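# Need a 3D model of the following:
(one chain, ligands or ions: 1)
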Amino acid sequence: MTEIMLEIDNVSKIYPGRRGIFGTSQEVHALKNVSLSVRKGESFGLVGESGSGKTTLTRSILHLETPTSGSIRVQGQDLGKLSDAELRRLRARVQIVFQDPYASLNPRMSVYDIVTEPLVIHHETLGLTNRQRSDRAAELLSLVGMGPQHLHRYPHEFSGGQRQRICIARALASGPELLLLDEPTSALDVSVQAQVLNLLCELQDRLGLTYFFISHDLAVVRYLCDRVALINRGEIVEQGDCAQIFDAPKSEYARMLIGAMPEVKVPARTGSNT
Ligand SMILES: Nc1ncnc2c1ncn2[C@@H]1O[C@H](COP(=O)(O)OP(=O)(O)OP(=O)(O)O)[C@@H](O)[C@H]1O
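Presented below is the predicted three-dimensional model:
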C-alpha cells in the first residue's frame, strides 16, 4: 500500500474580523473543508490565484497557523495532538523553500552559517559534533551543485539561482522527508528557473523526497508534479493526476486556468522522472 506522507483532512480556517478606524472588517474564510493527501515520494502541486488560501494552508502544515477545524497529519502524526518535543522533532522532517531567495537569506550570515543553522536549531534531534556539522555543510553545498569554496562567502556575492540553491541546501540540512516549495522559481529568470527545477527533480530522485509544490503557475506544476489540487477562494475545486487534469479538466475553474496557461518554458525532464 502507498505510504501517505501528508494528509489534510477537512481543514477550515476562519480569520476573525479586524478592528480598524472604519469599524470591524468581516471574518475571512481562508480555507473551507480542504482535504487532500500527498503520497510519499511524489510531487504534489497546489495551484491557486492570489488570495486563494495557499499560504494559509502552507503555514498550517508548518504548524504556524492553527486550523479552525479539521486535522493535518504528517506520516500519521496529527499536528494538533503533538507535544512540543514531538513538534520540534517533526519540524526537522518538514522544511520549506520560499519564493524569494533575495529576501530569505540573512545578508550578514556566511553560507556556512546559513546552511548549518538548522543543524544548530535541531541539535537536540540531530546531535552532530562541530566536525560533523562542517562536513555536512560541504556535503549540502555539493548536493546543490556548489563547491566548498563558497562556504565562507556571503549572499550578496551570488546570483539569484545560486542563492536559491543555498536556500535549498539549508532546507535539506536537517534531513527532511517533506519539502514545501513555495513558488521556488517564480522570482528567477526563465533560464535559471529550468536549472533549479531540474535540480529539484534530481534531488527528489536521489533523496526520495516528497514535494508539496505551491504555485500559481500551472506550466511549472505540469512539469514537476505527479498530482495537483486546484484551490479557489479556500476550496479545492478539482484534484487528481496532472495528466488527467491538464488533458480533461472537469471544473470550469480548471478550464479557465488551463486556458490562460502560457506555453511551458522549461525543458523536458531528464532522468528517471521523464
Ligand atoms: N492573518 C490574516 N488575517 C486576516 N485575513 C487573512 C490573514 N492571512 C490571510 N488572510 C486572508 O485569507 C485569504 C487567503 O490568503 P492567503 O494568503 O492564504 O492566500 P494565497 O493564495 O497564499 O495568496 P498569495 O498567492 O497572494 O500569497 C485572503 O483573503 C487573505 O486576505
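
# where does whichever residue of the stretch 151-274 of the chain sits closest to the ligand land on pLDDT?
In the stretch 151-274 of the chain, no residue comes nearer to the ligand than H216, which is 6.1 Å away by CB to the nearest ligand atom. All C-beta spots, glycine's among them, are computed from the backbone N, C-alpha and C. With respect to pLDDT, H216 scores 84.

# now it: how far from P176?
24 Å (CB to CB, to the nearest Å).

# Among these two, which residue is more densely surrounded?
P176 (19 against 16; other CB atoms under 10 Å).

# Who are the contact partners of the more buried one?
Counting by CB atoms under 8 Å, 6 or more residues apart in numbering, P176 touches 92-95, 209.

# Quick check: closest non-adjacent residue to it.
Q95 (4.1 Å; CB to CB, 6 or more residues apart in numbering).

# cool, E86 as well?
Using CB to CB, 6+ apart and skipping the chain neighbours, the partner closest in space to E86 is Q77 (7.1 Å).

# Likewise for L128?
Excluding the flanking residues, the one nearest L128 by CB to CB, 6+ apart is L119, at 5.6 Å.

# Check whether that neighbour sits in a helix, strand or coil.
Of the three states, L119 takes helix according to DSSP: H, G, I helix; E, B strand; the rest coil.

# who's in contact with stretch 69-80?
With contact meaning CB under 8 Å, 6+ apart, stretch 69-80 is reached by 3-12, 33-35, 60-61, 63, 66-67, 86-87, 90, 93-94, 177-178.

# Can you lay out the contacts of P176 as a markdown table showing distance to S104?
Formatted as a markdown table, these follow (distance: CB to CB, whole Å):
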| residue | distance to S104 |
| --- | --- |
| A92 | 19 |
| R93 | 20 |
| V94 | 17 |
| Q95 | 12 |
| L209 | 19 |
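
# Pipe the residues you listed into a markdown table and attach neighbour count per row.
Shown next, in a markdown table, are those (neighbours: other CB atoms under 10 Å):
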| residue | neighbour count |
| --- | --- |
| A92 | 19 |
| R93 | 17 |
| V94 | 23 |
| Q95 | 22 |
| L209 | 22 |
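
# now, among these, which is nearest to H123?
Closest approach to H123 among these (CB to CB): A92, at 10.1 Å.

# What separation is there between that closest one and the ligand?
The spacing between A92 and the ligand, counted by CB to the nearest ligand atom, to the nearest Å, is 25 Å.

# With P107 instead?
Distance, P107 to the ligand, using CB to the nearest ligand atom: 24 Å.

# So that residue sits against F158, correct?
No. Contact criterion CB atoms under 8 Å: P107 and F158 do not qualify, at 11.0 Å.

# quick one: low-confidence ranges for the stretch 151-274 of the chain?
Judged by pLDDT under 70, the stretch 151-274 of the chain has its weakly predicted residues at 262-274.

# So which residues on the stretch 1-150 of the chain come close to the ligand?
The stretch 1-150 of the chain comes close to the ligand at residues 15, 28, 30, 48, 50-56, as judged by CB under 6 Å from any ligand atom.
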